[in-house]
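Q: sequence unknown, structure follows:
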């Protein structure tokens, strides 16, 4: 099965992706020549990791009737030792004091089911071509 995402240019440094009926807008920061009108693509990449973990934590809690209003996920990034890129991503699931003790390890396991994380750990093959149209 193959799916397609259409990437178009929105003027200036804006680049947009159309996928499954949604348009995802990106821009570059002002210091990089953009308007700062939307997240940079790399910020969306990082956000996809935290929100993916979040959807698994949310689903885990919802299936057990555990309230999620006091749960927060904090994702932090450490620069790679080379000084380029991200060397470490940490995800902390902040739980309220009344969170059931018996589910603390299980909620970590739920967050680790994140498909984005799994794809990073076993990356897909990238093939870039040009097509005259």
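A: Cool, the structure landed. From a predicted model like this one, the values you see are computed outputs, not experimental measurements.

Q: centroid residue for this structure?
A: By CA atoms, centre = their mean, the chain has its centre lying nearest to residue 48, at 1.0 Å.

Q: which element, helix or strand, includes that one?
A: Residue 48 is located in helix 41-63, with elements delineated by DSSP states H and E.

Q: neighbouring strands - and their directions - for whichever helix or strand comes after that helix?
A: Next along the chain after helix 41-63, taking DSSP H and E as the criterion, comes strand 72-79. In the sheet, strand 72-79 lines up against strand 86-94 (antiparallel) (DSSP bridges).

Q: what's stretch 79-94 in contact with?
A: Contact partners of stretch 79-94, identified using CB atoms under 8 Å, 6 or more residues apart in numbering, comprise 46, 49-50, 53, 57, 71-78, 107-108, 111. Where C-beta positions appear, they are placed from N, C-alpha and C, glycine not excepted.

Q: now do the buried residues in that stretch.
A: Going by neighbour count (16 or more other CB atoms under 10 Å), the buried part of stretch 79-94 is 91, 93.
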